[in-house]
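Can you look at this prediction? I've put the sequence above it.
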Amino acid sequence: MMSNRKPGLETLSVHAGTPPDPTTGARQMPIYQTSSFVFDDADHAASLFNLQLPGFIYSRLSNPTVSALEERIAALEDGLGATATASGHAAQILALFPLMHPGDEIIAANKLYGGSINQMGISYKKFGWNASFVDPDDPENFRRAITDKTKAIFIESLANPGGVVVDIEAVAAIAHDTGIPLIVDNTMATPYLCKPFEHGADIIVHSTTKFLSGNGSSIGGCVVDSGKFNFAGRDKYPSLSQPAPEYHGLTFSETFGDLAYTMHSHAVGLRDLGACQSPINAWITLLGIETLALRMERHCENAAKVASYLETHPAIDWVSYAGLESSKYFDLRKRYMPRGAGGVFTFGLKGGYDAGVTLVDRCELLSHLANIGDTRSLILHPASTTHRQLTEEQLKAAGAGPEVIRISIGIETVEDIISDLEQALTGLELATVAE
Amino acid sequence: MNHDDYNDKYIIDVLKDTKTVAMVGASANWNRPSFFAMKYMQQKGFRIIPVNPGVAGQEILGETVMADLDEIDEPIDMVDIFRNSEAAGSITDDAIKVGAKIVWMQLGVRNDDAAKRAEDAGLRVVMNRCPKIEYARLYGELSWHGINSHVITSKRRRLA
Ligand SMILES: Cc1ncc(COP(=O)(O)O)c(C=O)c1O
């Protein structure tokens, strides 16, 4: 659009990254299912390999269908550029790769998806990367944990398994006081609910597996750069600010300016870590994103109704949904996610661990599985599944104690969702007594 | 003119009105940003005349390097400045003198006083940008590396 109007989120969801195919005029994005791309001649090949000419070489580095997805997500987040990855977990590693060296550390919120706590707390050690976890409810906890080895802060805007909202602006200010970037996992909120870059975040990561693809079909992830964090001349980040030997002394921040992080993520990150997204998954995710706004609106509306229903149910001790006035995150949520509180939340059963196992077993419409953000409603007992590798203390910190159930509300008829929960909860108010 | 945030149309017009570029501070070293930009823009059909007194008389990418702007005896559309912000001042004055239509200062280079003098003399000015990056962004090539082009269109994008 050549007018000066800035396109809205719904328009970007449908159009960004996918103008008609320049060769065929195909209006829907073609699936470029190819590993490699021909060179015109030796000079063309050299220009591509030297990063002097934009273009495709090999789909581990970039691919037209995957880059369409990258551009779309970058546009939705109002970012400068994006790098798609094989999964959300791959996105987290790729996001840190340009920033970290052995011995460096990140400070992460302790309220994160359980898999992320494992990845960062245990597997990162094998790279010589350290993670320390702090309670994000008091943003000053991040400042207290920062050392001269700290290269980034990592939070989830709306934390999985649910109900927790982090004060992004306060944490961003602390990161910037120390000259380090803030990385926000915006998977649960999506750009429909929250725009972390507007609140000072520097880098965003997504598991596109969830609400972005939206239909539970494809694993994927993405790293988005705001382009606002200046790496040039910063010795703290030598991968970006100092000459790269394998590119004959090219310095990314000098040659590519604010594109440096995204260029590095493709030319070095994907090249060497290899966790690229497949064209077919990118295509399915592009298709899913077209309806992001419509789905999120319904996810939020249905989740709010289900949460209100559960809050008054006698088998239920508490409901943690940032859309309920009883939530201590209600005000923060209204500030950062004015359009709704998302589709995922947790509640506690009076009957504890056993009642949790029984409830998920009895559901007939809600699916018992370890995912969120599907069109289908999903239910999970984290303590016996996704979070079972965590210690008792980590479980509590992550909001996943033995009595906790996580649900991801889909876009079905809301009365049907409530009716399924109603039948599954029958008699569970007595479970404590029976134990 | 707001030099903090250019709209796409302004940049597209500047690039469309440019055929011959005098690149001040061009380097013969293949891994310098100016070499990247020169090679890319040559491939897109721009004529690039390198200007660099340190290597005057030598050749870069098939073009003879000039010692300064007055030595060029053909019309110059754009003077592209690969020097620091301070040096950009006198180069801009030279650009005005030789009748260039556009002054372009590279990423990290900005001189608002010089920009004002150029604009008062009827030139158009772009600062703190790279023409290679802008060209590639606007014609969709940077999208290939995940960069947000900000272009929303239902028309086929044709590479110029
Ligand atoms: C908030 C959040 N971040 C990251 C991930 C990891 O993403 P993936 O499963 O696509 O690797 C998940 C997955 O459950 C998640 O919920």
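Yes, it's here.

most centrally placed residue in chain B?
With distances taken as CA atoms, centre = their mean, the residue of chain B nearest its centroid is residue B:80 (3.5 Å).

can you give me the mean pLDDT across the helix or strand containing that residue?
For residue B:80, the host element (DSSP states H and E) is strand B:78-81. In this model, strand B:78-81 has a mean pLDDT of 98.

That strand and chain A in contact?
No: shown here: strand B:78-81 not in contact with chain A (CB under 8 Å from any CB of the partner chain), separated by at least 14.7 Å. C-beta here means a position set from N, CA and C on the backbone, and glycine is covered the same way.

Given that strand, what are its sheet partners and their directions?
Sheet pairing of strand B:78-81 (DSSP bridges) gives strand B:20-24 (parallel), strand B:102-105 (parallel).

out of the ones you listed, nearest to residue A:106?
strand B:102-105 (36.6 Å; CB to CB).

Alpha carbons of that closest one, as PDB, please.
The C-alpha trace of strand B:102-105 is given here as PDB (Å, rounded to 0.1, in the frame of the first residue of the first chain):
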ATOM      1  CA  ILE B 102      20.800  13.600  -4.600                       C
ATOM      2  CA  VAL B 103      23.100  13.300  -1.600                       C
ATOM      3  CA  TRP B 104      23.000   9.900   0.200                       C
ATOM      4  CA  MET B 105      24.800   9.300   3.400                       C
END
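
The chain: strands as residue ranges?
All of this refers to chain A. Ranges of strands within chain A are A:81-85, A:105-109, A:130-134, A:150-156, A:158-159, A:164-165, A:182-185, A:203-207, A:221-225, A:316-320, A:344-349, A:367-368, A:378-380, A:404-408, based on DSSP state E.

wait, I meant chain B there
With strands called from DSSP E, chain B shows them at B:20-24, B:47-51, B:59-60, B:63-64, B:78-81, B:102-105, B:124-126.

Return the most buried member of those.
Most buried of those, by mean neighbour count (mean count of other CB atoms under 10 Å in any protein chain shown): strand B:78-81, with a mean of 28.

can I get the CA coordinates of that strand in PDB?
Written as PDB, here are the backbone C-alpha positions of strand B:78-81 (Å, rounded to 0.1, in the frame of the first residue of the first chain):
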ATOM      1  CA  MET B  78      23.600  10.800  -6.700                       C
ATOM      2  CA  VAL B  79      26.600  11.300  -4.500                       C
ATOM      3  CA  ASP B  80      26.800   8.300  -2.100                       C
ATOM      4  CA  ILE B  81      29.000   9.100   1.000                       C
END
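
Hmm, the residue nearest to the centre of chain B is touching residue B:22, no?
Yes: Residue B:80 is within contact range of residue B:22, at 7.1 Å (criterion: CB atoms under 8 Å).

Could you list the residues of chain B in contact with chain A?
So chain B meets chain A at B:7-9, B:30-31, B:33, B:35-36, B:39-40, B:43, B:107-108, B:130, B:133, B:136, B:140-159 (CB under 8 Å from any CB).

How about the residue of chain B found nearest chain A, nearest residue that isn't a chain neighbour?
Among all residues of chain B, residue B:146 sits closest to chain A, at 3.4 Å; criterion: CB to the nearest CB. Nearest non-adjacent residue to residue B:146, counting by CB to CB, 6 or more residues apart in numbering or on different chains: residue A:70, 3.4 Å away.

quick one on the thing from earlier: kindly reformat the strands paired with strand B:78-81 as TSV containing distance to the ligand and mean pLDDT.
TSV is the format used below for the strands paired with strand B:78-81 (distance: least, CB to the nearest ligand atom, whole Å; pLDDT from 0 to 100):
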stretch	distance to the ligand	mean pLDDT
strand B:20-24	45	98
strand B:102-105	41	98
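
got these as JSON lines, with distance to residue B:124 columns?
Shown next, in JSON lines, are the strands paired with strand B:78-81 (distance: least, CB to CB, whole Å):
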{"stretch": "strand B:20-24", "distance to residue B:124": "14"}
{"stretch": "strand B:102-105", "distance to residue B:124": "5"}
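
just so I know, which of those strands lies nearest residue A:198?
Smallest distance to residue A:198 across those (CB to CB): 29.0 Å, for strand B:102-105.

What are the buried residues along stretch A:190-210?
For stretch A:190-210, the neighbour count (16 or more other CB atoms under 10 Å in any protein chain shown) marks A:190-197, A:199-210 as buried.

quick revisit: mind putting the strands of chain A into JSON lines with mean pLDDT and distance to chain B?
What follows is those, written out as JSON lines (pLDDT from 0 to 100; distance: least, CB to the nearest CB, whole Å):
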{"stretch": "strand A:81-85", "mean pLDDT": "98", "distance to chain B": "4"}
{"stretch": "strand A:105-109", "mean pLDDT": "98", "distance to chain B": "23"}
{"stretch": "strand A:130-134", "mean pLDDT": "97", "distance to chain B": "26"}
{"stretch": "strand A:150-156", "mean pLDDT": "98", "distance to chain B": "20"}
{"stretch": "strand A:158-159", "mean pLDDT": "95", "distance to chain B": "24"}
{"stretch": "strand A:164-165", "mean pLDDT": "94", "distance to chain B": "27"}
{"stretch": "strand A:182-185", "mean pLDDT": "98", "distance to chain B": "17"}
{"stretch": "strand A:203-207", "mean pLDDT": "98", "distance to chain B": "13"}
{"stretch": "strand A:221-225", "mean pLDDT": "98", "distance to chain B": "9"}
{"stretch": "strand A:316-320", "mean pLDDT": "95", "distance to chain B": "35"}
{"stretch": "strand A:344-349", "mean pLDDT": "96", "distance to chain B": "28"}
{"stretch": "strand A:367-368", "mean pLDDT": "97", "distance to chain B": "33"}
{"stretch": "strand A:378-380", "mean pLDDT": "97", "distance to chain B": "30"}
{"stretch": "strand A:404-408", "mean pLDDT": "95", "distance to chain B": "28"}
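
Would you reformat those strands as CSV and include distance to residue A:289?
Formatted as CSV, the entries for these read as follows, by distance: least, CB to CB, whole Å:
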stretch, distance to residue A:289
strand A:81-85, 12
strand A:105-109, 26
strand A:130-134, 30
strand A:150-156, 20
strand A:158-159, 18
strand A:164-165, 23
strand A:182-185, 18
strand A:203-207, 11
strand A:221-225, 11
strand A:316-320, 28
strand A:344-349, 18
strand A:367-368, 22
strand A:378-380, 20
strand A:404-408, 18
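
of all those strands, which lies closest to residue A:392?
Using CB to CB, the nearest of the strands of chain A to residue A:392 is strand A:404-408, at 12.7 Å.

what residues does the closest one touch?
Where contact means CB atoms under 8 Å, 6 or more residues apart in numbering or on different chains, the residues beyond strand A:404-408 that reach it are A:160-162, A:306, A:343-349, A:356, A:359-360, A:366, A:371-374, A:377-383, A:400.
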